[in-house]
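*Asks:* below is the sequence, then the predicted model.
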Amino acid sequence: MKRRTFIKTTAASATLISMGGLAMSCSTSKTKTITILHTNDVHSHIDPFGPNDGRNANKGGVARRASLIQKLRKDNPNTLLLDAGDIFQGTPYFNYYGGELEFKLMSMLDYDAATIGNHDFDNGINGLYAQLPHAKFDFISANYDFSNTVMDTHVKPYKVFDKDGVKIGVFGLGIELEGLVSKDAFKETKYLNPIEIAQDMSRLLKTEEQCDLIICLSHLGYDYKSSQKISDRRLARATKDIDLIIGGHTHTFLEQPTVEINAVGENVLINQVGCYGLFLGQINFYLEPQGKSFTSRALKI
Amino acid sequence: MLFNFSRLAIIILVLASCQHDYSKNQVKSERISINSSLQNDSKIDQFIAPYRARLEASMNQVLSYSAGEYSKTDGELNTAIGNLMADAVFERTSPILKQRHGLNLDMVLLNHGGIRAPLPKGPVLMKTPFNIMPFENKVVVVQMQGDAVLDMIKYLSVVRRAHPISGMTLQISKSGKMTFFEIQNKAFDPNKIYNVATNDYLYKGGDRMDFFQSSDTIFDMDYKIRAVLIDYFQSKDTLNPTADNRFTYDN
């Protein structure tokens, strides 16, 4: 009698679960594709380079990037568009309009988030703050403490996106400003150790926010000869649970992402697309729904 | 019964997987070149147009007139364009240093690599200083002790490049030894402190100019090199710079 009741209950549970599953339109076998599009170090390059601009001749241009992004979003609506900083400085557009046009255009292109590069302080932290009303996307930086500056509360350490049920955590990291940007410009912005912050962030995004994908949006720079300077490659090796580092600062043109092995032997991708909006990076993650007991983080390219 | 339990456990795990937890089995990446094969998004293009038009109008504003074309490759140890830039920094900065700090400017040192474009012949447009100096570097005045000044001279004698200088006369031998050195037409005094204008990049050791580092007194002029050029050009009807004897080989 007792056994019979139990079996009935079990059967009922199973039905409920599968119905629940249907209601959530959860198909256990369907692969989900998440597309990450990214730029870095665009440096106010709004118009394409002219025909006499050497190796960059006739390349770049925001209006072209816009049509490409539109097409890619049509191909896969589960797309994030990210920028790894140094939006400002490099053409007279910045000198004349102070970054207003850069932010307005990125908003029109529907950027999801950007981190802050050293050149984004070129008109001082007040100059950056003044342009914020033109940005409809979020600025994320986890290792700049802005609490004693005008930027306080305007920058988030991280953001979690939900794309078709896949949770994507993105956190930002910035380069040490001392020696690179004048103190007058960055004022009371405090730089915190990127590796320590990345460890905190990835733990938080993995365990508390339960993210399926963790992306670090970094303006640290790809790699340095000096072993003291923290780069994306060093960061990748010293941390865990980060799937992808989108980098900037060093204007490194990677034809394909670099694969590093993290602190627990798993793969981490690092990508950077040079500068000036000459390229758009695209990374597709194909995710298979799996029980926790089956989780494997083998990233194949 | 045991079987049923385990089935239940599996089903619950599957439900959990519907919410989160995906394994990342595969990744594909592509680097897409932004080039003329892509259409312009017309909405974006139209949005940029008025900004571009206003900017171009400003950039084509005439500041001065240049008697010739001057390039940083015109000479070995000093060039007309380099002399013009260093003299412009001297002329524009010295009244500010005097007014704010009561000090006299003695010398200027910039870097050859910092001249990013030639000065073209004919009307000098606003875009010219942006081309010559696209960076935001600012003028700083460094108070240098005699031995630091000698390190600077040693550097110039060894690298033998046409780094823009003003306020000094320097002669070196073919072997790279300093044979004559005057500051403001006076003999070098090793016990004097000299006020040297440069830019913040070089002050921090750019172009291996590490001789500025020993000084702990610097004055930020809060004046961009490009703004110096714009103001200098606007103050002159005609630009007619020349190479001269400020840095030469002795003979």
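*Replies:* Great, that's in hand. Residues are numbered from 1 along each chain as shown, chains lettered A, B, ... in the order given.

*Asks:* pass me the low-pLDDT residue ranges in chain A, would you?
*Replies:* Low-confidence segments of chain A, defined by pLDDT under 70, span residues A:1-29, A:290-301.

*Asks:* how about the helices in it?
*Replies:* Shown for chain A, the helices assigned by DSSP state H span residues A:2-23, A:62-75, A:92-97, A:100-108, A:124-131, A:183-186, A:194-203, A:232-238.

*Asks:* likewise chain B?
*Replies:* For chain B, the helices defined by DSSP H occupy B:2-19, B:42-59, B:80-101, B:127-132, B:146-159, B:200-203, B:225-234.

*Asks:* hmm, back to that, in a markdown table, list the helices of chain A along with mean neighbour count and distance to chain B.
*Replies:* C-beta here means a position set from N, CA and C on the backbone, and glycine is covered the same way. Supplementary listing: the helices of chain A in a markdown table, determined by neighbours: other CB atoms under 10 Å in any protein chain shown; distance: least, CB to the nearest CB, whole Å:
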| stretch | mean neighbour count | distance to chain B |
| --- | --- | --- |
| helix A:2-23 | 11 | 5 |
| helix A:62-75 | 19 | 4 |
| helix A:92-97 | 20 | 5 |
| helix A:100-108 | 20 | 5 |
| helix A:124-131 | 18 | 11 |
| helix A:183-186 | 17 | 8 |
| helix A:194-203 | 20 | 15 |
| helix A:232-238 | 21 | 15 |
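
*Asks:* mind checking which of those is nearest A:V160?
*Replies:* helix A:194-203 (11.4 Å; CB to CB).

*Asks:* name the nearest residue to B:D151, ignoring sequence neighbours.
*Replies:* The spatial neighbour of B:D151 that comes closest, neighbours along the chain excluded (CB to CB, 6 or more residues apart in numbering or on different chains), is B:F211 at 3.8 Å.

*Asks:* surely that neighbour and B:G146 touch.
*Replies:* No. The pair formed by B:F211 and B:G146 falls short of the contact definition of CB atoms under 8 Å, at 11.6 Å.

*Asks:* more neighbours: which of these two?
*Replies:* Comparing B:F211 with B:G146 by neighbour count (other CB atoms under 10 Å in any protein chain shown), the higher total belongs to B:F211, at 23 against 14.

*Asks:* contacting residues for the more buried one?
*Replies:* B:F211 is in contact with B:144, B:148-149, B:151-152, B:155, counting by CB atoms under 8 Å, 6 or more residues apart in numbering or on different chains.

*Asks:* now swap in A:K32 and tell me
*Replies:* If you count contacts by CB under 8 Å, 6+ apart, A:K32 has them with A:78, A:164-166, A:286-287, A:289, B:22.

*Asks:* again, only this time at 6 Å
*Replies:* Taking CB atoms under 6 Å, 6 or more residues apart in numbering or on different chains as the criterion, A:K32 is in contact with A:164, A:166, A:287.

*Asks:* in chain B, spot the strand with the most residues.
*Replies:* Taking DSSP state E as the criterion, chain B has its longest strand at strand B:22-33.

*Asks:* and that strand, what does it pack against?
*Replies:* Based on contacts counted as 3 or more CB pairs under 6 Å, 6 or more residues apart in numbering or on different chains; DSSP states H and E, the elements that strand B:22-33 packs against are strand A:279-289.

*Asks:* would you mark the buried spots in the strand it packs on?
*Replies:* Within strand A:279-289, the residues that count as buried by 16 or more other CB atoms under 10 Å in any protein chain shown are A:279-289.

*Asks:* stretch B:89-98 now?
*Replies:* Buried residues in stretch B:89-98, counting neighbours by 16+ other CB under 10 Å, are found at B:89-94, B:96-97.

*Asks:* now do stretch A:241-253
*Replies:* Residues of stretch A:241-253 classed as buried: A:241-252 (neighbour count, 16+ other CB under 10 Å).

*Asks:* picking that back up, okay, the helices of chain B in a markdown table with mean pLDDT next?
*Replies:* Formatted as a markdown table, the entries for these read as follows, by pLDDT from 0 to 100:
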| stretch | mean pLDDT |
| --- | --- |
| helix B:2-19 | 36 |
| helix B:42-59 | 97 |
| helix B:80-101 | 98 |
| helix B:127-132 | 93 |
| helix B:146-159 | 96 |
| helix B:200-203 | 92 |
| helix B:225-234 | 97 |
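
*Asks:* do a quick rundown of the strands in the stretch 101-250 of chain A.
*Replies:* A:113-114, A:138-140, A:144-145, A:155-156, A:158-163, A:166-173, A:190-191, A:213-218, A:244-246 (DSSP state E, counting those that start in this stretch).

*Asks:* from the rest of the structure, what touches the longest one?
*Replies:* Translated: strand A:166-173. Contact partners of strand A:166-173, identified using CB under 6 Å, 6+ apart, comprise A:32, A:34, A:113, A:115, A:140-143, A:158-161, A:194, A:201, A:205, A:209, A:211-218, A:220, A:287, B:20.

*Asks:* mind giving me the ChimeraX command for buried ones among the residues you listed?
*Replies:* What follows is the ChimeraX syntax selecting those of the contacts of strand A:166-173 that are buried according to 16+ other CB under 10 Å:
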select /A:32,34,113,115,140,141,142,143,158,159,161,194,201,205,211,212,213,214,215,216,217,218,220,287
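
*Asks:* re earlier: possible to save the helices of chain A as a markdown table with distance to B:I32?
*Replies:* Putting these into a markdown table (distance: least, CB to CB, whole Å) gives the following:
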| stretch | distance to B:I32 |
| --- | --- |
| helix A:2-23 | 37 |
| helix A:62-75 | 6 |
| helix A:92-97 | 23 |
| helix A:100-108 | 18 |
| helix A:124-131 | 28 |
| helix A:183-186 | 34 |
| helix A:194-203 | 28 |
| helix A:232-238 | 21 |
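
*Asks:* which one, of those, ends up nearest to B:S175?
*Replies:* The stretch from the helices of chain A with the least distance to B:S175 (CB to CB) is helix A:183-186; that distance is 42.6 Å.

*Asks:* which residues sit against the closest one?
*Replies:* With contacts defined as CB under 6 Å, 6+ apart, helix A:183-186 is touched by A:121, A:124-125, A:177.

*Asks:* and B:Y194, bridged to which residues?
*Replies:* With DSSP bridges applied, the residues forming beta bridges to B:Y194 are B:M144.

*Asks:* before we move on, what about A:L173?
*Replies:* When bridges are taken as DSSP bridges, the partners of A:L173 come out as A:S218.

*Asks:* kindly state the domain boundaries assigned to chain A.
*Replies:* A:1-28, A:31-294 (automatic domain parsing).

*Asks:* nearest residue to the middle of chain A?
*Replies:* Centre of chain A computed as the mean C-alpha position; nearest residue by CA atoms, centre = their mean is A:L217, 3.8 Å away.

*Asks:* quick one: it and A:I116 touch, right?
*Replies:* No. Taking CB atoms under 6 Å as the definition, A:L217 is not a contact partner of A:I116, at 9.8 Å.

*Asks:* show the contacting residues for B:T198.
*Replies:* For B:T198, the contacting residues are B:L109, by CB under 6 Å, 6+ apart.

*Asks:* and with 10 Å instead?
*Replies:* By CB atoms under 10 Å, 6 or more residues apart in numbering or on different chains, the residues touching B:T198 are B:86, B:89, B:107-111, B:137, B:139-142, B:144, B:152, B:206, B:209, B:212, B:218, B:225.

*Asks:* nearest residue to A:V264 other than its sequence neighbours?
*Replies:* Nearest to A:V264 is A:K240, by CB to CB, 6+ apart, at 4.7 Å.
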